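Visitor: Build me a structure from this.
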Amino acid sequence: MEPKKAPEKDLNRFTGLFFNIGLVITLIVTITAFEWKKYDESDIKDLGVAEVVTEEVIDIPLTVQPPPPPPVIQQPEIIEVPDEQEIEQTVDVNLDVEVNENTRVEEVVPVTDVVEEETEEIFTIAETQPSPPGGMEAFLGYLGKNIVYPEQARRMGMEGKVFVEFIVDKNGNLTDIRAIKGIGGGCDEEAVRVLKSAPAWSPGKQRGRAVKVKMVVPVFFKLGG
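Guide: Numbering: from 1, shown residues only. Predicted coordinates for the structure are as follows:
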């Protein structure tokens, strides 16, 4: 048996209308939510008239310095110097001297003997060079016979030349003997020792007079065999 319903009381007939009304309200709320704008009061600034600070510009006039004064050149003052006065010297001459046969006149003899001061100059090259007895060949032979090869130099196999400097004085003696360039190992001392015991030389001469002359000779050290 079907229930009886009154047509005016049937709510199903308004379903479509309610659905459309709800849809329209939902769209309005959605659009309003997206389009609504909220302004922050902090973003609003006072756009009043800002105070304008102006700086006063002062025109500074250009400083014009006067040019320096020209240097004062003092002209030399010419002073007239009077001529030198002649100095009159009075010479007393005794003319009342009696001259006869017995008057003796002293003769003035000029001094001719001039003592020359001896010079201690040491020459490196003289007009006549010093020379050993028998010449340089004999002197080298003397060195070869009297040199004793130092044991230290012999063990180390040292060979070479020792240059010895000395002064031949006015008497031909060898003085101030020293090695100026050596090889070591006792060779320098041995060369000096031999020269100190060498015989006197013939002295050097300058303008015919004996002078001191500085000389340098090489002393050879060579191992035999």
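Visitor: When you work out contacts or count neighbours from here on, use the C-alpha atoms and nothing else.
Guide: OK.
Visitor: ok, now how distant is Ala200 from Gln152?
Guide: Per C-alpha to C-alpha, to the nearest Å, Ala200 is found 30 Å from Gln152.
Visitor: wait, Asp188
Guide: 12 Å.
Visitor: In this protein, where is pLDDT below threshold?
Guide: 1-14, 36-65, 72-119, 225 (pLDDT under 70).
Visitor: now the strands: where do they sit in it?
Guide: 122-123, 160-168, 174-181, 204-206, 209-221 (DSSP state E).
Visitor: ok, which stretches of this structure are helices?
Guide: Here the chain has its helices, by DSSP state H, at 15-35, 135-146, 151-156, 187-196.
Visitor: re earlier: could the strands of the chain go into CSV alongside mean neighbour count and distance to Val192?
Guide: Listed next are those as CSV, based on neighbours: other C-alpha atoms under 10 Å; distance: least, C-alpha to C-alpha, whole Å:
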stretch, mean neighbour count, distance to Val192
strand 122-123, 16, 20
strand 160-168, 20, 7
strand 174-181, 16, 6
strand 204-206, 20, 21
strand 209-221, 19, 9
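Visitor: returning to that earlier point: look at Asp188 and Gln152 and report which has more neighbours.
Guide: Looking at Asp188 and Gln152 with other C-alpha atoms under 10 Å, you find the greater number of neighbours at Asp188, namely 22 against 13.
Visitor: Roughly how far does the nearest residue to that one once chain neighbours are set aside sit from Lys205?
Guide: Once flanking residues are discounted, Asp188 sits nearest to Gly182: 5.5 Å by C-alpha to C-alpha, 6 or more residues apart in numbering. According to C-alpha to C-alpha, Gly182 and Lys205 sit 30 Å apart.
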